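# Quick one: sequence and predicted model below, then my questions.
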Amino acid sequence: MTMTRQDTDALRAFESLADPRASVRLRAALAVGTAPDPRFVERLVERSAVEPEFFVRDMLTWALTRHPVAATLPPLVREVGSRLPQARSQALHTLSKIGDRRAWPAVNGAVLSDADDEVARSAWRAAVVLVPEGEEQALARALAPQLGRGDRETQLSLSRALVALGEPAGAVLEAATTAPAPHVRAHALATRRLLRDPDSGFEAAIEEAKRVVALGGSGHEGR
């Protein structure tokens, strides 16, 4: 079987995805995305699971989005069930970039409450992109138990996801403002403020919410 020049270039790029130099891996991912070939999809997904450099992972995601959805969706959905946190996180991130709602069943309760914060954050971002029309409130209810979780970045990610759902998240947040745990109440109050005023900023919203909770308020005063 005779290899064409295109096949030779593609094989070189394929092999370079595992090169020890990040700059070479970056160029390889760019090359594969520039000339999409379904034969590379599995390799791109596999590399995403272990690639240590953020900017290379970002290029791998871009390269996957350049391929036909029919080729990328099955391996990415399968990867959401991987035992490797980075594999789950990257698969969810890429699915959110592809934006095909046929991937929605993969964004289940297990990944929305994943013990790994990066996986959970990726799942929240993917969920608001892929949620079917009419299921926004059900998604908000599924996200509510995560209120108060993690550091600022994690809480900000969840707030953004709930705010992106819009009004369907309102009733869920309202209920959470009376939660027994002060940190959950504070996060719910801050997110509710962002929902009402997206320009208020998370830092200001969370600090004000903490003051309200510390003073024993529920945030309902003066409404």
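Nice, I can see it.
# residues contacting Ala126?
Leu92, His93, Leu95, Ser96, Ala103, Val107 (C-beta atoms under 8 Å, 6 or more residues apart in numbering). C-beta here means a position set from N, CA and C on the backbone, and glycine is covered the same way.
# right, and the helix or strand after the helix or strand hosting it?
In the assignment (DSSP states H and E), Ala126 maps to helix 117-130. Using DSSP H and E, the helix or strand that directly follows helix 117-130 along the chain is helix 136-143.
# of the contacts of Ala126, closest to Asp114?
Nearest to Asp114 out of the contacts of Ala126 is Leu92 (C-beta to C-beta; 9.2 Å).
# you'd agree the closest one is up against Val119?
Yes: with contact defined as C-beta atoms under 8 Å, Leu92 reaches Val119; the gap is 7.0 Å.
# These two - which one has more neighbours?
Leu92 (31 against 26; other C-beta atoms under 10 Å).
# show me where pLDDT drops low in the protein?
Across the chain, the ranges flagged by pLDDT under 70 are 1-7, 9, 217-223.
# where along it do the helices fall?
Taking DSSP state H as the test, the helices found in the chain are 5-16, 22-34, 41-50, 54-65, 69-79, 85-98, 109-112, 117-130, 136-143, 152-165, 170-176, 182-196, 202-214.
# Pick the one among the contacts of Ala126 closest to Pro20.
Set against Pro20, the nearest of the contacts of Ala126 by C-beta to C-beta is His93 (24.2 Å).
# Quickly note the distance from the closest one to Ala209.
29 Å (C-beta to C-beta, to the nearest Å).
# before we move on, what about Val24?
Look at Val24 and Ala209: by C-beta to C-beta, they are 47 Å apart.
# Contact partners for Val107?
Val80, Leu92, Leu95, Ala123, Ala126, Ala127, Leu130.
# let's see it at 10 Å
For Val107, the contact set (C-beta atoms under 10 Å, 6 or more residues apart in numbering) comprises 77, 80, 92, 95-96, 122-131, 139, 142.
# again with Arg25
Arg25 sits next to 16-19, 47, 51-53, 55-57, 59-60 when contact means C-beta under 10 Å, 6+ apart.
# now the residue nearest to Ala22 when sequence neighbours are not counted: how far from Pro132?
In space, and not counting its chain neighbours, Ala22 is closest to Glu53: 4.6 Å by C-beta to C-beta, 6 or more residues apart in numbering. From Glu53 over to Pro132 the distance is 35 Å, taken as C-beta to C-beta.
# Those two - which one has more neighbours?
Neighbour count, other C-beta under 10 Å: between Glu53 and Pro132, Glu53 has more, with 13 against 10.
# Surely Ala209 touches His187?
Yes: using C-beta atoms under 10 Å, Ala209 is in contact with His187, at 7.3 Å.
# so what sits against both of those two?
In terms of C-beta under 10 Å, 6+ apart, Ala209 and His187 are both contacted by the residues Thr177.
# So for these two, which sits in the more crowded spot?
Between Ala209 and His187, counting by other C-beta under 10 Å, His187 is the more crowded of the two (30 against 24).
# Which residue comes closest to the residue sitting nearest the centre point of the chain once chain neighbours are left out?
Taking C-alpha atoms, centre = their mean, the centroid of the chain lies closest to Ser122, which sits 2.1 Å from it. Counting by C-beta to C-beta, 6+ apart, Ser122 lies nearest to Leu92, which is 3.9 Å off, once chain neighbours are set aside.
# Please convert the buried members of the contacts of Arg25 into PyMOL selection syntax.
To isolate the buried ones among the contacts of Arg25 in PyMOL, judged by 16 or more other C-beta atoms under 10 Å, type:
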select buried, resi 16+17+47+51+56+57+59+60
